[in-house]
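> mind looking at a prediction? Sequence and model below.
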Amino acid sequence: MQPAIISVNHLHKHFKIYKHHRGALGALCNLFTREATTVRAVDGVSFTIQPGELVGYIGPNGAGKSTTLKMLTGLLTPTGGEIEVNGRVPWKQRRAHVAHIGAVFGQRTTLWWDLPVIESLDLLQYIYKIPPAQFQHNLDEFRTMLELDPFLNTPVRSLSLGQRMRADLCAALLHDPPLLFLDEPTIGLDVVAKERIRQFILHINRARGVTMILTTHDLADVEKLCERVMIIDYGRVLFDGRLESLRDRFGGQRELVVDMAEEYATVDVDGATVAAREATRVTYQFERNALSASDLIGRVSARYRIRDLMVREPNIEDTVRRIYEERLLDEE
Amino acid sequence: MYRRLVGANMRGQMQYRVAFLLDLVGTGIGTAAAFGTLALILQRFENIAGWTLAEIALLYGLVETAFGLMDMIFSGFDPGTFGQQVRRGTFDQMLLRPLGLTLQVFGSDFALRRLARIFQGAAVLGYALIAAGIRWTLLKVLFIPVVLASLVCFFGALFIVGATITFWTVESIEVVNIFTYGGVEMMSYPMEVYHPWLRRFFTFIIPGIFVNYYPALYLLDRPDPLHMPAFAPLLAPVVGGGMLLAALAFWNFGIRYYQSTGT
């Protein structure tokens, strides 16, 4: 096995939050009192990531996602624990570290606001000391793939969100970083733009072997891009594994929708409950672990004549929402 | 690298040509009016604390020119705009680039619109150098750029300290402006007109007296009414450079604090 590109060990980040009093008098109180509560934004996170992985890092708002990301990119110093990225400690060797990573933040741009896109890219060539041949080669490839040409000479402030995102992706990859951090790369984009960004991300991961960590609220991103997913909440890793195993364990009930050939008085079957019934259409719910879909179909077809049927998988969105809401992972 | 960053910033500024020109004209009128007022008052009273118009113009011209230069070169550190950079996360973007942070903040803004203030200050300074009856020596000629540089460092240090404080306060705080913009006003007049405690403040706490007033005394061959040691005028570069170094040390400390807390 190759050495890990990222290893994180018992990472902690605690913030002191000072109590705020309300109103004008309260503001005065704020100046003089220092009632602090400690918030454990990241509370003992450990994981390793191998080169070439594309990992989804998800969790509800305030779960500690962006705090972790800030520590991985060297913006924040941890309260405790260790991080090694590309063999470096991000906050101790900031400049060497950031020269070998790329980072894209959906919420803000890395480009120069008032300059045409191409001038920003040119500046990055100097900042990252990219050899001209490599720069030209990468730029040519990204220009075609991301269709940058129509707005290459437009100032960044005049770009649409989707265009800006494409320009930012290009900017983050020009210096061939082995590792790319993507923070909400599809936020605010329409379906077509999202899909385009996803395809590009996937291509870069597969063709160039760039390791990626992706945070997102759009679980379709995770579903389409990530084989491995980490769920974080209250600063702890609740789940770290393959997407399918998440579905297997917490996928909840699958549904079998059957169109009967005729209307029956009762449609009960062992091992499944009738969730809905509408004329000849019956919806059964059944536990993934207790009964396979083919067994259930066998049982139904043994008793009733079936015209048509369909198995419905719970989607990842529902699964993750259930995990957040019902705290399914808390006891582990 | 600095040249490239500044070049990029200037090309960005040139995207707003009309705003730039209006800014230039506006600042020009504003600062000219300020000195015009001073000149009118002096015409009425002939002198302030024994200083003639041309002599005060020396104080004023040095401070204005230097402040304008500083405001242009250090505008990345302007506490008002730097606070916004921190809030908006632009500063985080700098942390993500493999360049020194001080260099990047310097390169993030080079406010060409300050040129108006610099020209106007330089014009007043030019008038003072001709009309104040300076008995020129080679040393005095060489001393003028040193004084200007010291003043730039002095005000730059105040800007950097103000910018650094925003790591803690997020909002820029008015207190800092009192020292920078207030300092400019104060230092445009001879120090003997002020109350002793104010003079002490500008001697020991924020030692602006050494970068403008004492050098002016030396250039004009005026006796020192405050009885400081005779080498006081020569302290200008020491005070200016020292303050800048101290401010940069505080700045680096502030960055470490920022990296441990974020916003």
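Structure's in. What do you need? Residues are numbered from 1 along each chain as shown, chains lettered A, B, ... in the order given.
> okay, CA-based contacts and neighbour counts for the rest of this
OK.
> show me what counts as buried in the longest helix belonging to chain B.
Within chain B, and with DSSP state H defining each element, the longest helix by residue count is helix B:138-169. For helix B:138-169, the neighbour count (16 or more other C-alpha atoms under 10 Å in any protein chain shown) marks B:140, B:143, B:146-167 as buried.
> chain A next: which of those residues are close?
With the criterion set as C-alpha under 8 Å from any C-alpha of the partner chain, no member of the buried residues of helix B:138-169 is near chain A.
> look up the pLDDT of the nearest residue to A:L72 once chain neighbours are set aside for me, please.
In this structure, A:L72 finds its nearest non-sequential neighbour in A:P90, 6.4 Å apart by C-alpha to C-alpha, 6 or more residues apart in numbering or on different chains. pLDDT for A:P90: 92.
> residues near A:P90, how many?
For A:P90, the neighbour count with other C-alpha atoms under 10 Å in any protein chain shown is 24.
> could you list which residues are in contact with it?
By C-alpha atoms under 8 Å, 6 or more residues apart in numbering or on different chains, the contact set of A:P90 is A:71-74, A:83-84, A:97-98.
> show me the shaky parts of the stretch 101-250 of chain A.
Low-confidence segments of the stretch 101-250 of chain A, defined by pLDDT under 70: A:250.
> what's the helix or strand for the residue of the stretch 51-200 of chain B found nearest chain A?
Using C-alpha to the nearest C-alpha, the closest approach of the stretch 51-200 of chain B to chain A is made by B:P98 at 4.4 Å. Using DSSP states H and E, B:P98 sits in no helix or strand.
> and it, what's its pLDDT?
For B:P98, the pLDDT comes out at 93.
> try A:L329
So A:L329 comes in at 60 (pLDDT).
> next one: A:A27
We have a pLDDT of 61 for A:A27.
> out of the contacts of A:P90, which is nearest to chain B?
Nearest to chain B among the contacts of A:P90 is A:V98, at 5.6 Å by C-alpha to the nearest C-alpha.
> residues contacting that closest one?
So A:V98 contacts A:73-74, A:90, B:96-98 (C-alpha under 8 Å, 6+ apart).
> relative to chain B, how far out is the residue of chain A most remote from its centre?
Here chain A reaches farthest from its C-alpha mean at A:A265, the gap being 47.4 Å by C-alpha atoms, centre = their mean. Taking C-alpha to the nearest C-alpha, to the nearest Å as the measure, A:A265 falls 64 Å from chain B.
> what is the longest helix of chain B packed up against?
Applying 3 or more C-alpha pairs under 8 Å, 6 or more residues apart in numbering or on different chains; DSSP states H and E, one finds that helix B:138-169 makes contact with helix B:53-73, helix B:79-88, helix B:174-187, helix B:236-261.
> mind doing that once more with 6 Å?
With contacts taken as 3 or more C-alpha pairs under 6 Å, 6 or more residues apart in numbering or on different chains; DSSP states H and E, helix B:138-169 sits against helix B:53-73, helix B:79-88, helix B:236-261.
> quick revisit: will you turn the contacts of A:V98 into JSON lines that also has distance to A:I297?
Formatted as JSON lines, those follow (distance: C-alpha to C-alpha, whole Å):
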{"residue": "A:T73", "distance to A:I297": "51"}
{"residue": "A:G74", "distance to A:I297": "54"}
{"residue": "A:P90", "distance to A:I297": "55"}
{"residue": "B:L96", "distance to A:I297": "56"}
{"residue": "B:R97", "distance to A:I297": "59"}
{"residue": "B:P98", "distance to A:I297": "60"}
